[in-house]
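Engineer: Pasting a predicted model and its sequence here:
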Amino acid sequence: MATELDWEFVKAQLPAGWRELAVERGLIHPLPPQLHAKVTDIEQVLRPLLYRIGLESSLQVAVSTATAARKEIAMEEGEGAAQAAKLVELSAPALHYWERKLAGYLAELVARMLDPEGLFSSERWSGYEVVVVDGTTETCPGADGTTARVLYALRLSDLATLGCHATDKHGTESMRIFDVHKDQLWMGDRFYANPYDIAWVNDAGAAVLVRYKFKALPLYDAEGASFDVMKHVQQINEPGEIAEWPVCVHPKNHTPVQGRLCAVRLPEEEAEKVRARLRDEEGSKVSAQSLEAAAWLILFTNAPADRLPTAKVLALYRLRWQVELEIRRDKSLGGMAKLPNFRDDTIATWLYGKLLIQQIARKTISPSVAFPPSAVRIASLPASGARPRQAPPLHRARRQRDVARDGSRLPGHP
């Protein structure tokens, strides 16, 4: 039937070892048949759960649909076919119990589908593979402020998602949660303009390009003296005029990172738009210095000038909006913003379930799609011989652990 074929198609897109992973994580326990355990395979839970998340249905609708499908298969094809379909009669509270503890499992499936090492591309911008990072906030209906965050790392050359990570309201936006490859260029807005993210990317042999943020990113000259950013950019008076200066970033307990401060004078109408956005984001806390600095686009990069000239740095940063479009698509078309309730464990499962469904959707329109009953085919793309700089074990564990089983909230950020 159509529903059975649809599920077989979805299963074919899941990463290899998705059943074994559930056993490894202690979600499924092999039990002798005489104990008559209802759930003996993660598929029995994953199928109604992805149905619920993908269609944004209630728990009751999800379990009722699964029960009805099982009865239909049993009537038409026999009880053996119904058992082979991995459909069991779960109650709504039972499905919610599973929903509360599957966030870590789904996060690992998402990470395996993204597979940044396998997707490493030879397409470059001045020899770099450009990765754009950004985050978005989600709010439960009726809640005040942020309930959860989702962070994205998007490859600019083909708009492929190289990483995505969910956090609770206490998480912050950081590049340090992602694995970084040599010869990549990581680009982000003001939230990523801090010495620690810059050092993280630099130590991996990669480049970073961020919009400068006062106070968050102190700069120094070659002699170690404080670099007065406003004093230098005020020398650029004509709209469209550009300039750059050599600067250093001094992360704590780290050698200085050499870089460049690049700036261009904006037309007055663009500067006013920036000021309006600053007032909207920061309200009464916005400083007079920030409003004055809005007349310039000021960027920091550690990419050498002979590889990425100033004009190219400024042009490249203007392409950062691609990741914002991707986030808007996921929120509007994928229903990312429709959180189910206020439980941190359920929200984690919901967000990673959405991300998993979106990766399956992206995979179905790519050349690597697998159609049942064929085996899953993996796209063969050029890969770097060097290992990426991986997020520290603690951060990697946070994105992969079963948050419900550990009794903690959504994984946070450094």
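Structural biologist: All right, it came through fine.
Engineer: any idea how far Gln234 is from the residue nearest in space to the middle of the chain?
Structural biologist: Per Cα atoms, centre = their mean, the C-alpha nearest to the average position across the chain is that of Cys164, at 1.8 Å. The spacing between Cys164 and Gln234, counted by Cβ to Cβ, to the nearest Å, is 40 Å. For glycine as for every other residue, the C-beta is placed from the backbone atoms N, C-alpha and C.
Engineer: what's the answer for Glu241, then?
Structural biologist: 12 Å.
Engineer: quick one: which of those two has more around it?
Structural biologist: When neighbours are counted by other Cβ atoms under 10 Å, Glu241 and Gln234 differ, and Gln234 comes out ahead with 15 against 12.
Engineer: per-residue confidence at that one?
Structural biologist: On pLDDT, Gln234 comes in at 94.
Engineer: swap in the one 4 residues further on?
Structural biologist: In this prediction, Glu238 carries a pLDDT score of 91.
Engineer: Tell me which helix or strand it sits in.
Structural biologist: Secondary structure assignment for Glu238, by DSSP states H and E: no helix or strand.
Engineer: Apart from its neighbours in sequence, what residue is nearest it?
Structural biologist: Using Cβ to Cβ, 6 or more residues apart in numbering and skipping residues adjacent in sequence, the residue nearest Glu238 is Arg265, 6.0 Å away.
Engineer: State the number of residues packed around that neighbour.
Structural biologist: Neighbour tally, Arg265, other Cβ under 10 Å: 21.
Engineer: What is whichever strand or helix holds Glu72 packed up against?
Structural biologist: Secondary structure from DSSP H and E places Glu72 in helix 59-77. Under the contact criterion of 3 or more Cβ pairs under 8 Å, 6 or more residues apart in numbering; DSSP states H and E, helix 59-77 touches helix 2-13, helix 43-55, helix 79-84, helix 92-101.
Engineer: Name the residues that touch that helix?
Structural biologist: Contacts to helix 59-77, defined as Cβ atoms under 8 Å, 6 or more residues apart in numbering, come from residues 1, 3-4, 47-49, 51-52, 57, 81-82, 85, 87-96, 99.
Engineer: Any of these buried? List them.
Structural biologist: 3, 47-49, 51-52, 82, 85, 87-88, 90, 94-96, 99 (16 or more other Cβ atoms under 10 Å).
Engineer: from the residues you listed, which is closest to Asp306?
Structural biologist: Closest approach to Asp306 among these (Cβ to Cβ): Leu49, at 52.3 Å.
Engineer: Leu356 versus that closest one, what's the distance?
Structural biologist: Distance from Leu49 to Leu356, counting by Cβ to Cβ: 10 Å.
Engineer: so what's Glu241 up against?
Structural biologist: 264-265.
Engineer: Tell me the spacing between it and Val233.
Structural biologist: Separation of Glu241 from Val233 (Cβ to Cβ) stands at 10 Å.
Engineer: where does the stretch 301-414 of the chain have low pLDDT?
Structural biologist: 322-344, 362-414 (pLDDT under 70).
Engineer: actually the chain, sorry about that
Structural biologist: 1-5, 31-36, 114-125, 139-147, 158-159, 322-344, 362-414.
Engineer: show me where it has strands.
Structural biologist: Taking DSSP state E to define them, one finds strands in the chain at 129-138, 148-155, 161-168, 184-188, 207-211, 242-249, 257-265, 296-301.
Engineer: quick one, which of the ones you listed is nearest to Phe9?
Structural biologist: Of all these, it is strand 161-168 that lies closest to Phe9, at 20.7 Å by Cβ to Cβ.
Engineer: buried sites along that closest one?
Structural biologist: 161-168.
Engineer: Just send the residues you listed back as TSV, with distance to Asp228 too.
Structural biologist: Output for the buried residues of strand 161-168, formatted as TSV (distance: Cβ to Cβ, whole Å):
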residue	distance to Asp228
Thr161	39
Leu162	37
Gly163	36
Cys164	38
His165	36
Ala166	40
Thr167	35
Asp168	38
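Engineer: so what's Trp296 up against?
Structural biologist: The neighbourhood of Trp296, defined by Cβ under 8 Å, 6+ apart, consists of 233, 236, 263-266.
Engineer: Tell me the most packed of those, by neighbour count.
Structural biologist: Neighbour-wise, these (other Cβ under 10 Å) top out at Ala263, 25 neighbours.
Engineer: correct me, but it touches Leu299?
Structural biologist: Yes: contact status for Ala263 versus Leu299: in contact at 7.2 Å, counting by Cβ atoms under 8 Å.
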